[in-house]
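K.L.:
just coords:
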């Protein structure tokens with residue numbers, strides 16, 4: 001018998017949460033064994049079948065930077081895109097945007113850093129130089145009618161700089177919004193944040209005039225804090241949460257970054273809180289177990305493991 005959480009609704013929390021699924025892009029990007037294009041396409045389509053309305057599909061990054069995503073054009077060409085589903089792609093520069101436009105995408109994202117050290121390692125540019133690179137990309141994307149999301153990485157801690165000043169994070173969010181990003185994802189890239197730190201940063205953003213509805217959160221589970229941090233964000237009014245099916249993922253430029261928050265673990269918690277997601281948890285677990293078999297290792301997701309062992 002499949003275990004279901006007891007539902008206890010907390011009226012202080014949102015009634016609905018949008019899950020921004022990143023498994024096919026952020027989840028797979030650090031895998032050393034190349035996953036076949038057809039498998040990636042099936043993965044995306046199975047995630048959509050499970051009820052996910054936003055599935056980040058790939059990144060138009062140079063193949064030598066992230067070999068796993070060298071087939072971005074082939075993935076987008078093979079996808080049977082559905083009208084009610086969004087398939088965002090990451091575009092690191094103008095050439096990436098041009099490739100995305102050739103694929104008739106509707107949503108793109110740029111990936112900035114809150115710190116100098118990570119900007120240098122991830123973008124090969126300084127903190128100030130990154131904005132000069134992104135501004136024309138965002139302008140062009142908006143002129144083409146695309147929705148543009150801004151990722152801001154290292155919002156809570158940086159492996160080279162240590163604890164990140166929240167004032168710098170607020171400034172980075174402001175720059176992304178000012179250049180035209182319609183939404184921001186706050187990244188705990190190495191998974192060091194704690195709930196108090198999350199609440200403090202969100203309060204600072206609100207005080208700075210950043211609308212909470214424009215903010216999403218992207219937590220890694222390095223120290224086991226991702227769900228607790230997400231709950232803190234929900235209490236602050238956040239309604240968009242980035243997750244990765246099966247807890248896949250890391251960051252190729254930050255070796256201390258472990259897996260993303262598992263989509264299944266979030267859905268289980270939200271179901272227990274009476275928060276709507278539109279996701280079929282059983283279908284999602286089946287999909288993540290299937291992908292774990294392809295990758296040849298158990299899923300990091302606690303829910304996937306628990307449900308896979310039921311009935312044994």
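P.N.:
The structure has been received and is ready for your questions. Not measured: the values here are computed from a predicted model.
K.L.:
alpha carbons only for contacts and neighbour counts from here, please
P.N.:
Noted.
K.L.:
Quick check, central residue of this structure?
P.N.:
Nearest to the mean C-alpha position of the chain, by C-alpha atoms, centre = their mean, lies residue 242 at 3.9 Å.
K.L.:
Find the helix or strand that that residue is a member of.
P.N.:
Counting by DSSP states H and E, the element that carries residue 242 is strand 240-243.
K.L.:
What's the first helix or strand after that strand?
P.N.:
helix 263-272.
K.L.:
quick one: contacts of that following helix?
P.N.:
Residues outside helix 263-272 that contact it (C-alpha atoms under 8 Å, 6 or more residues apart in numbering): 5-9, 19, 21, 227, 243-247, 276-277, 279, 281, 284-285, 301-304.
K.L.:
tell me which strands and helices the next helix or strand after that helix is in contact with?
P.N.:
As assigned by DSSP H and E, the chain's next helix or strand after helix 263-272 is helix 281-295. The contact analysis (3 or more C-alpha pairs under 8 Å, 6 or more residues apart in numbering; DSSP states H and E) places helix 281-295 against helix 37-49, helix 263-272, helix 302-309.
K.L.:
Dump those into CSV; add mean pLDDT and distance to residue 99 as well.
P.N.:
CSV is the format used below for the helices and strands packed on helix 281-295 (pLDDT from 0 to 100; distance: least, C-alpha to C-alpha, whole Å):
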stretch, mean pLDDT, distance to residue 99
helix 37-49, 98, 17
helix 263-272, 98, 29
helix 302-309, 89, 35
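K.L.:
correct me, but residue 62 touches residue 70?
P.N.:
Yes: between residue 62 and residue 70 there is a contact at 7.1 Å, judged by C-alpha atoms under 8 Å.
K.L.:
Please identify which of those two sits among more neighbours.
P.N.:
Neighbour comparison, residue 62 and residue 70: the larger count goes to residue 70, with 20 against 15 (by other C-alpha atoms under 10 Å).
K.L.:
Need the per-residue pLDDT for that one.
P.N.:
pLDDT for residue 70: 96.
K.L.:
quick one: it from residue 150, how far?
P.N.:
Using C-alpha to C-alpha, to the nearest Å, residue 70 is found at 22 Å from residue 150.
K.L.:
again, but for residue 127
P.N.:
Note on residue 127: its distance to residue 150, by C-alpha to C-alpha, is 15 Å.
K.L.:
How about residue 140?
P.N.:
Distance of residue 140 to residue 150, computed by C-alpha to C-alpha: 15 Å.
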